[in-house]
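> compute the structure for the input listed below.
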Amino acid sequence: MKPMLSVIALAVLLSGCDDGAKLDPQKQIGPNPELPQAQNFLMPPMQVPEGVAWKAGEMPKVAQGLKIEKIADQLQHPRQVLVLPNNDVLVAESNGQPKPITAPKQLIMGIVQKASGKGGEGGNRITLLRNVKGKWEQHRFIEHLTSPFGMQLVGNTLYVANADSLVKFPYETGQTEIRTPPETVTELPGGPINHHWTKSLLASPDGSKLYVGVGSNSNVGENGLGEEYRRAAVLEVDSASGASRIFASGIRNPTGLQWEPQSGKLWAVVNERDEIGSDLVPDYLTSVQDKGFYGWPYSYFGQHVDVRAQPPRPDLVEKAIKPDYALSSHVAPLGLLFYGADNMPQYRGGAFISEHGSWNRTPLNGYQVVWVKFENGKPVGEPQPVVTGFLTDDGKQVRGLPVGLAADQQGGVLIADDAGNAIWRISAAQ
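Numbers count the residues shown, from 1 in each chain. A predicted model of the protein is given here:
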């Protein structure tokens with residue numbers, strides 16, 4: 001048996017007696033998801049599809065009335081996309097930095113996850129894509145970054161959220177490279193562990209504030225709460241001075257930040273905790289309140305206590321805010337986009353969400369881009385699949401993993417495909 005297969009077989013053996021999800025994922029969608037009893041495992045349940053490359057001519061499937069095209073490939077883990085005012089597209093290419101192994105299960109979990117194509121070195125750069133007479137050029141825009149993720153342009157200043165710092169660069173419309181050294185706006189929680197390394201980024205409408213999503217440094221506080229300082233939170237940074245404060249806390253991993261256009265409120269998609277069963281805990285989409293606390297690590301989806309978090313904090317559990325909308329367990333939402341263009345009017349006013357996909361649920365969940373309808377500033381109904389086919393029909397192989405989303409000037413939606421190392425564009429099929 002090959003070494004990789006031996007490790008995967010051992011992981012399955014150690015995963016305990018969990019025989020998969022008992023609930024239909026549809027029962028864990030919306031404001032009141034079903035939440036079964038938590039389970040305990042020596043190793044969490046794992047099911048990881050084999051990562052394979054897209055074959056020539058292969059591409060994701062799209063909903064009726066849409067078309068899809070590949071506008072870039074041969075990238076190194078494209079994570080986020082930002083459309084500039086002149087319709088150039090910035091792509092942050094990155095992966096997590098090496099970190100110490102603090103428990104045997106982390107070694108096995110890391111190897112198993114890499115089998116799906118989530119491993120490999122990231123580009124540590126930003127690439128610029130430019131459409132010239134129908135052909136997309138690639139330019140090395142900024143290099144030598146540290147696992148960049150979030151990007152925002154405010155006036156003539158480009159902000160980039162590295163894994164450990166928020167930096168800025170001067171930007172001129174039309175330039176195809178920046179070689180000016182970065183200026184640090186503020187340090188961000190990093191360190192040798194940096195469990196959730198991605199730092200999402202969103203500017204306030206007037207550009208005076210920057211909001212940074214910082215994930216937890218553990219699953220449920222097992223590395224010690226001292227390692228969680230200013231983590232599992234959304235930070236508010238003053239763009240002029242770099243001064244910052246915790247805007248909201250108890251949010252395990254807020255990976256997507258956007259302004260909901262009707263209410264003007266801040267919204268996020270959030271990756272919840274693992275290792276208590278295939279049906280726990282639902283990832284979610286929620287509005288983010290100033291000074292709000294959302295439960296992590298002491299409780300989930302309101303006041304459902306997680307007994308693993310020690311010492312207990314009933315005072316914090318009592319004030320934990322229940323998220324607005326569950327997306328079902330372990331879909332791993334990473335991208336959020338409120339769509340307001342006319343190219344695909346059937347989706348106007350709602351939210352596109354990219355689901356990176358599960359590794360610790362049987363059967364698998366996620367691996368798609370969905371759309372959620374909004375009415376009066378709130379999500380309603382069930383998510384509609386918009387882009388699928390990243391996962392093969394039998395669930396044994398995965399060809400791509402959707403992450404960042406952005407709308408271009410023509411109303412098309414761009415999708416960063418992490419494992420597929422590509423950028424896809426969907427639009428109306430007319």
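> any low-confidence regions in the stretch 51-200 of the chain?
Filtered on pLDDT under 70, the stretch 51-200 of the chain yields the residue ranges 99-119.
> rerun that using 80 as the cut-off
97-120 (pLDDT under 80).
> all helices for it, in order.
With helices called from DSSP state H, counting those that start in this stretch, the stretch 51-200 of the chain shows them at 104-113.
> quick one: the strands in it?
Under the criterion DSSP state E, counting those that start in this stretch, the stretch 51-200 of the chain contains strands at 61-62, 66-72, 78-83, 89-93, 125-132, 135-142, 151-154, 157-161, 165-170, 183-187, 199-203.
> nearest to V369, out of those?
strand 61-62 (9.1 Å; Cβ to Cβ). To be clear about C-beta, it is placed using only N, CA and C from the backbone, and glycine gets the same treatment.
> contacts for the closest one?
68, 386-389, 426 (Cβ atoms under 8 Å, 6 or more residues apart in numbering).
> and which of these is nearest to L153?
Using Cβ to Cβ, I426 comes nearest to L153 of those, at 23.0 Å.
> surely the closest one is in contact with Q410?
No. Between I426 and Q410 there is no contact under Cβ atoms under 8 Å: 11.6 Å.
> strands paired with the top strand by length along the chain, and their directions?
Counting by DSSP state E, the longest strand found in the chain is strand 378-388. If you go by DSSP bridges, strand 378-388 pairs up with strand 61-62 (antiparallel), strand 368-375 (antiparallel).
> now, of these, which is deepest in the fold?
Using mean count of other Cβ atoms under 10 Å, the stretch among the strands paired with strand 378-388 with the greatest mean number of neighbours is strand 368-375 (a mean of 20).
> now G420, nearest residue through space, not along the chain?
G400 (3.2 Å; Cβ to Cβ, 6 or more residues apart in numbering).
> neighbours of the one you found, how many?
Residues near G400, counting by other Cβ atoms under 10 Å, number 28.
> surely it is in contact with I423?
No. The criterion here is Cβ under 8 Å, and G400 misses it with I423 at 10.8 Å.
> element containing the spatially most central residue of the chain, please.
Geometric centre of the chain, nearest residue: L334, 1.8 Å, by Cα atoms, centre = their mean. According to DSSP states H and E, L334 maps onto strand 333-338.
> list phi and psi for A309.
With angles defined as degrees, to the nearest 10, A309 sits at phi -80, psi 110.
> tell me the pLDDT at it?
Note on A309: pLDDT of 97.
> which of the helices or strands spans the closest residue to it other than its chain neighbours?
Nearest non-adjacent residue to A309, counting by Cβ to Cβ, 6+ apart: P297, 4.0 Å away. For P297, there is no helix or strand it lies in under DSSP H and E.
> P297 - how many residues pack around it?
P297 is flanked by 23 other residues according to other Cβ under 10 Å.
> repeat for G381
G381 is flanked by 12 other residues according to other Cβ under 10 Å.
> A strand includes E227, no?
No. Counting by DSSP: H, G, I helix; E, B strand; the rest coil, E227 is located in no strand; its state is helix.
> list the contacts for the residue nearest to G420?
G400 is in contact with 54, 60, 390, 417-420, 422, counting by Cβ under 8 Å, 6+ apart.
> how about a cut-off of 6 Å?
Contact analysis of G400 by Cβ atoms under 6 Å, 6 or more residues apart in numbering lists 390, 417, 419-420.
> so what pLDDT did it get?
pLDDT recorded at G400 is 96.
> what's around G122, how many residues?
Neighbours of G122 using other Cβ under 10 Å come to 21.
> ok so, going back, include neighbour count and distance to F352 when you put the contacts of strand 61-62 into CSV, please.
Formatted as CSV, the contacts of strand 61-62 follow (neighbours: other Cβ atoms under 10 Å; distance: Cβ to Cβ, whole Å):
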residue, neighbour count, distance to F352
I68, 19, 14
V386, 24, 7
V387, 27, 9
T388, 16, 13
G389, 18, 16
I426, 24, 9
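> before we move on, the earlier item: report the angle between the strand holding L334 and strand 368-375.
Put simply, strand 333-338 runs at 40 degrees to strand 368-375, going by axes from the mean of the first three to the mean of the last three Cα atoms, to 10 degrees.
> mind listing the strands strand 333-338 pairs with, and their directions?
strand 351-355 (antiparallel).
> ok, residues contacting stretch 222-236?
189, 209, 211-214, 216-217, 244-249, 251-252, 254, 288, 296.
> what about the helix or strand where G213 lies, average pLDDT?
G213 belongs to strand 209-214 when assigned by DSSP H and E. Averaging pLDDT along strand 209-214 gives 98.
> need the contact partners of that strand.
161, 189, 199-203, 231, 233-237, 239, 254, 257.
> let's see that with 7 Å instead.
Around strand 209-214, the neighbours that count as contacts under Cβ atoms under 7 Å, 6 or more residues apart in numbering are 152, 159, 161, 166, 188-189, 199-203, 230-231, 233-239, 247, 254-255, 257, 266, 268.
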